[in-house]
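[1] Test case, fold it:
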Amino acid sequence: EFLQKKVTNTDKPMLTWNFQSENCNDFAFALSSSFRWEAVRALTDTRTSRYVPVNIVYNEKSEPFYEVAKLAKESIEYYSTVLPAIPYPFPVMTVFNGMEGMEFPMMCNNEAFETRDINVYVTSHEIGHSYFPFYVGINEFKYSWMEEGWATMLPYELQTTQEPALDARIWNATALSRYGGTETEMPLIVPSFQLRGYTHQLAAYSRSSLMYYYLREYLGHERFTKALHHYMNLWKQKHPTPYDFVHCMETASGETLGWYWNPWMREFTYADLKIESAESKGTECVIVVKKTGGLPVPVALTVTCKDGSESTVRHPAGVWKEKDTFTVMLPIKSEAVSVKLGSMQIPDTNPVDNTYSLQ
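    Modelled structure (predicted):
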């Protein structure tokens, strides 16, 4: 048809294309007579052996797009089977080489970025929007964090598999460490249309995605996924508010989570932990950690011993459920000489009190 000039040219005065789709709450269209077109298929449901076609359409000079077919296929299969573990909800996906990155039902309009980590990030991120806001409808104008936050959090682990140099958890933790406790960072409950610039980005992407990620770590993958499925299935093709989301997660997880939601969603607060004290006692190092900021975040500790050995531990944010101090007894092989608190994946606005010398 292309060689016969029947695709974009015709003897008739007008060439009409007709498209039809169900449950499609947005629409985009792209056309080119010269772009390359690759097609692969992604397995979205192992029980029914359902595949969906994945189209990659790009300028032949856009070399970063040469691997996008593989990245897109891996993204759809990850979302379908791992997280959120709901089969891709549309019959097709097309990634079109356009400008920047923008999501639509069944289509992404993505730029060919110069560095591989950004291409990996944008490909998985924009495809992730198939679930939020296109499977679960979200009022993006008012609650941007209810869709951008999920598109940021869901592929965290996929992205590091595709590109080991990429860890978006570090990007977002670094942002909260830098701006936490300043007027640049707002609680999530503040409507998105009232936020501008980097303040909007912090809420929509950073604070929200880490809130979801640390909650998954606390609840565990199985209980978190069960609660997320309850929320997504109940509100698919509808428009939930933050309160609907909270209610669903608490109902399906079987736990009241106000201690977690209030600081992350409603309070003007920040992440900050400190080492209150540390003591080497035989085969244990006893460490007292204090939550001096309001956000409940995981506790990561590394103890260095006299013989050069190290002991590490990470506790989920649930340790702050009922208290602001937490005592850790970490097994050691010889006398402890120093303790380090924190991780690049965990924000901390005042890291100067995150090291403790026992010498």
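
[2] In which helix or strand does the closest residue to G128 other than its chain neighbours reside?
    Closest residue to G128 apart from its sequence neighbours, by CB to CB, 6 or more residues apart in numbering: A151 at 4.0 Å. Using the backbone N, CA and C atoms, a C-beta is placed for each residue, glycine as well. Using DSSP states H and E, A151 sits within helix 148-153.

[3] now do E140
    Using DSSP H and E, E140 falls within no helix or strand.

[4] How much space separates it from E147?
    Per CB to CB, to the nearest Å, E140 is found 6 Å from E147.

[5] Give me the pLDDT value at the residue nearest the centre of the chain.
    Centroid-nearest residue in the chain, with CA atoms, centre = their mean: M153, separated by 1.0 Å. Turning to M153, the model gives it a pLDDT of 98.

[6] That one: what's it in contact with?
    Listed by CB atoms under 8 Å, 6 or more residues apart in numbering, the contact set of M153 reads 208-210, 212-213.

[7] repeat that for 6 Å
    209, 212-213 (CB atoms under 6 Å, 6 or more residues apart in numbering).

[8] Can you tell me how far it is from A168?
    Here M153 is placed at a distance of 9 Å from A168 (CB to CB).

[9] Now for P347, how many residues are close by?
    Close neighbours of P347, defined as other CB atoms under 10 Å, add up to 28.

[10] Check what pLDDT the residue lying closest to it once chain neighbours are set aside gets.
    Excluding the flanking residues, the one nearest P347 by CB to CB, 6+ apart is L176, at 3.6 Å. Per-residue pLDDT puts L176 at 98.

[11] For burial, what's the neighbour tally of L176?
    Residues lying near L176 (other CB under 10 Å) number 22.

[12] repeat for I118
    I118: 16 neighbours (other CB under 10 Å).

[13] Ramachandran coordinates for it?
    Main-chain torsions, I118, degrees, to the nearest 10: phi -70, psi -40.

[14] quick one: it from W145, how far?
    Following CB to CB, the distance that separates I118 from W145 is 22 Å.

[15] swap in Y260?
    Distance from Y260 to W145, by CB to CB: 15 Å.

[16] Can you pick out the residue with more neighbours from those two?
    W145 (28 against 24).

[17] And the pLDDT for the residue lying closest to that one once chain neighbours are set aside?
    Excluding the flanking residues, the one nearest W145 by CB to CB, 6+ apart is S208, at 3.6 Å. In this model, S208 is scored at 98, pLDDT.

[18] Tell me where the stretch 1-150 of the chain has helices.
    68-81, 116-128, 148-153 (DSSP state H, counting those that start in this stretch).

[19] Now the second one - C-alpha only, CSV.
    Pointing back at helix 116-128 there. Extracted in CSV, the C-alpha atoms of helix 116-128 (Å, rounded to 0.1, in the frame of the first residue of the first chain):
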residue,chain,number,x,y,z
ARG,A,116,20.5,5.7,28.0
ASP,A,117,19.3,6.1,31.5
ILE,A,118,16.8,8.8,30.5
ASN,A,119,15.5,6.7,27.6
VAL,A,120,15.0,3.7,29.9
TYR,A,121,13.3,5.9,32.4
VAL,A,122,11.0,7.7,30.0
THR,A,123,10.0,4.5,28.1
SER,A,124,8.9,2.6,31.2
HIS,A,125,7.4,5.7,32.9
GLU,A,126,5.1,6.8,30.0
ILE,A,127,3.9,3.2,29.4
GLY,A,128,3.2,3.0,33.2
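
[20] Quick check: buried residues in it?
    Residues 117-128 are the ones in helix 116-128 that count as buried (16 or more other CB atoms under 10 Å).

[21] Adding distance to A271 and pLDDT, write those residues out as JSON lines.
    JSON lines is the format used below for those (distance: CB to CB, whole Å; pLDDT from 0 to 100):
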{"residue": "D117", "distance to A271": "24", "pLDDT": "97"}
{"residue": "I118", "distance to A271": "26", "pLDDT": "97"}
{"residue": "N119", "distance to A271": "30", "pLDDT": "97"}
{"residue": "V120", "distance to A271": "27", "pLDDT": "98"}
{"residue": "Y121", "distance to A271": "23", "pLDDT": "98"}
{"residue": "V122", "distance to A271": "27", "pLDDT": "98"}
{"residue": "T123", "distance to A271": "29", "pLDDT": "98"}
{"residue": "S124", "distance to A271": "25", "pLDDT": "98"}
{"residue": "H125", "distance to A271": "23", "pLDDT": "98"}
{"residue": "E126", "distance to A271": "28", "pLDDT": "98"}
{"residue": "I127", "distance to A271": "29", "pLDDT": "98"}
{"residue": "G128", "distance to A271": "24", "pLDDT": "98"}
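
[22] Would you mind confirming that G293 makes contact with D272?
    Yes: contact criterion CB atoms under 6 Å: G293 and D272 qualify, at 3.2 Å.

[23] and stretch 55-67, which residues are buried?
    Quick answer for stretch 55-67 (16+ other CB under 10 Å): 55-58, 62, 64-65.
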